[in-house]
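Undergrad: Below is the sequence, then the predicted model.
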Amino acid sequence: MEPLLHQVRQRVFHSLHKSLNLLQRNHSGCAEHAAASAPSHSRHIKPTLLVSRIYQPSNLRDVGQESRVAGEMTCKSQRLMQQAGLIHPSNPGCYYYLPATVRSMEKLVRVIDQEMQEIGGQKLDMPSLCSADLWKTSERWDLMGKELFRLKDRHGADYCLGPTHEEAVTTLVAHQATLSYRQLPLLLYQVTRKFRDEPKPKFGLLRGREFYMKDMYSFDVSKEAAYQTYEAVCQAYAKLFARLGLRCVQVQADTGNIGGTLSHEFQLPADIGEDRLLVCGTCSFSANVEMLSSDTTDCPQCKAGTLVESKGIEVGHTFYLGKKYSHIFKASFSNSQNKPTIAEMGCYGLGVTRILAAAIEVMSTEEGIRWPGLIAPYQVCVLPPKKGSKVHEAAVLADELILNLEESLPRLRGEVVLDDRTQMTVGKRLKDASRLGYPYVIIVGQGALEETPSFEVICQQTGETVFLSKDGLLDLLRSVETV
Ligand SMILES: [Zn+2]
């Protein structure tokens, strides 16, 4: 880290020095004033992030071909993410998440944390290495079949790599002998790696064998209370997707091998989706095709609308579990009469890495990634002119602009990158920026050198290009939400 920091400080110092010279030339006699207002080096300034130093191998080969060799089906999000150096394939269904992806994922997790904690969720972390004993007790050791990654320790004891944690969390709560009704509802969640032995991993992060999931488990005093918790979680999910700017439909679903009686899927409508949905054109009714007989065309809820089929990517799933697991593992609480009572449960999943890939899948163009703005790895990319070009003097103004932005809008600290590959033309770097999908790209060129400086700003989410003064730019970026 140290050499990079040093280099960046040198660079900032160098460019400040150059800009002072420029100021001196423009307003002779004002040098003292300029020196006094220049940021002092004792103050903490976050180093400028240089595109040339970000570990993001740009791989512009046809990844489709490469992946076909490995026998995997590809899709747009996977192709774009591999080309942009966001992910790198390792073994079937497993990927390296490169630094920009981790930045985006950490932001997504922060949004998830906010929404889960808003409804009372408490974050914990459970072992991924799960003892077979628990899974045999719930009978899922056999039910899960080949999907479960199984292994033995040196003593010959059986384990699995957890794909979900109903058994583990219920055992944890059961061991807390003093749980009182006053402590309920209890909502425990984690964001961890999950494992599933997919027969045919495909579509990059959309169907892998190792992935991140948020799983929450609720414990309530009664069925009514459990239904209220269930509803609160569904609303939190709806709010989460709205904050990300993603259209998500909540559909009635089958409970599968998790069990229980009430279940919903959260689906992002998309062409490559593997789930078939029926959505009512009149009311809010929607259901997974599996839930209805195949020839149903009339809506069972409003009786007026017609059901239209659409494909979807499942990004979340909620289940009301009742006492299925709490009964088996004896997860009880003492009720108001001080009598031990079995808790009512629910469980709620969100595919973290899947949301990331699905968002890219539905928002991107064929040529470039578009992110939900809130979780883009970086918000702004600044493009200085090409080295040796007519307007190369504007380069120092790009450095200055970044310092200015980060001083005026502290929220953007660490969110602005400088594309310092000035041996390349602006056009070429702009193409890269479009491929990577920074929400805002600022070109510092001829306009910046004018008496009233202006900057070309490309808003990639909307595709608009505007020319703004520094104040106009600050106004625009003031509305950028970060997390
Ligand atoms: Zn309807």
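TA: Great, that's in hand. All of these numbers come straight from a predicted model, not from anything done at the bench. Numbers count the residues shown, from 1 in each chain.
Undergrad: Wait, G414 touches L49, no?
TA: Yes - G414 is in contact with L49 according to C-beta atoms under 8 Å; the separation is 7.2 Å. In short, each C-beta sits where N, CA and C put it, glycine included.
Undergrad: Neighbour count for the two, which is higher?
TA: L49 (18 against 14; other C-beta atoms under 10 Å).
Undergrad: contacting residues for the nearest residue to that one once chain neighbours are set aside?
TA: The shortest distance from L49 to any non-neighbouring residue, by C-beta to C-beta, 6 or more residues apart in numbering, is to V417 (4.4 Å). The contact partners of V417, by C-beta atoms under 8 Å, 6 or more residues apart in numbering, come to 49-51, 54, 378, 380-382, 438.
Undergrad: Which pLDDT value belongs to G162?
TA: We note a pLDDT of 95 for G162 in this prediction.
Undergrad: For the ion, see how far away the residue nearest to L49 is.
TA: Counting by C-beta to the ion, to the nearest Å, the gap from V417 to the ion is 47 Å.
Undergrad: Spell out which helix or strand contains that residue, please.
TA: Assessed by DSSP states H and E, V417 sits inside strand 416-418.
Undergrad: Listing partners with orientation, what would you give for that strand?
TA: strand 49-50 (parallel), strand 380-383 (parallel) (DSSP bridges).
Undergrad: so which of the contacts of V417 would you say is closest to P269?
TA: The closest of the contacts of V417 to P269 turns out to be Y438 (C-beta to C-beta; 26.1 Å).
Undergrad: Quickly list what the closest residue to F195 other than its chain neighbours is bridged to.
TA: Leaving aside its sequence neighbours, F195 sits nearest to L161 (C-beta to C-beta, 6+ apart; 3.7 Å). Note on L161: beta-bridge partners by DSSP bridges are L129, F149.
Undergrad: hang on, L161 packs against F149?
TA: Yes - the criterion here is C-beta under 8 Å, and L161 meets it with F149 at 4.2 Å.
Undergrad: between those two, what contacts are shared?
TA: Common neighbours of L161 and F149 (C-beta under 8 Å, 6+ apart) are F195.
Undergrad: Quick check: bridge partners of L187?
TA: In beta-bridge terms (that is, DSSP bridges), L187 pairs with G121, S218.
Undergrad: wait, what's in contact with it?
TA: Counted by C-beta under 8 Å, 6+ apart, L187 has contacts 116, 119-122, 216-219, 229, 233.
Undergrad: Kindly indicate which of these lies nearest the ion.
TA: V233 (23.9 Å; C-beta to the ion).
Undergrad: That closest one belongs to a strand?
TA: No - read with DSSP: H, G, I helix; E, B strand; the rest coil, V233 is helix and lies in no strand.
Undergrad: picking up where we left off before, for the contacts of L187, give me TSV that also has pLDDT.
TA: Listed next are the contacts of L187 as TSV, based on pLDDT from 0 to 100:
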residue	pLDDT
M116	98
I119	98
G120	98
G121	98
Q122	98
M216	98
Y217	98
S218	98
F219	98
T229	98
V233	98
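Undergrad: can you tell me which two in the residues you listed are farthest apart?
TA: M116 and F219, at 15.0 Å, using C-beta to C-beta across those.
Undergrad: Quick one: residues contacting the closest residue to D419 other than its chain neighbours.
TA: Leaving aside its chain neighbours, D419 sits nearest to V51 (4.3 Å; criterion: C-beta to C-beta, 6+ apart). Listed by C-beta under 8 Å, 6+ apart, the contact partners of V51 are 381, 417-421, 429.
Undergrad: go with 7 Å
TA: 417-421 (C-beta atoms under 7 Å, 6 or more residues apart in numbering).
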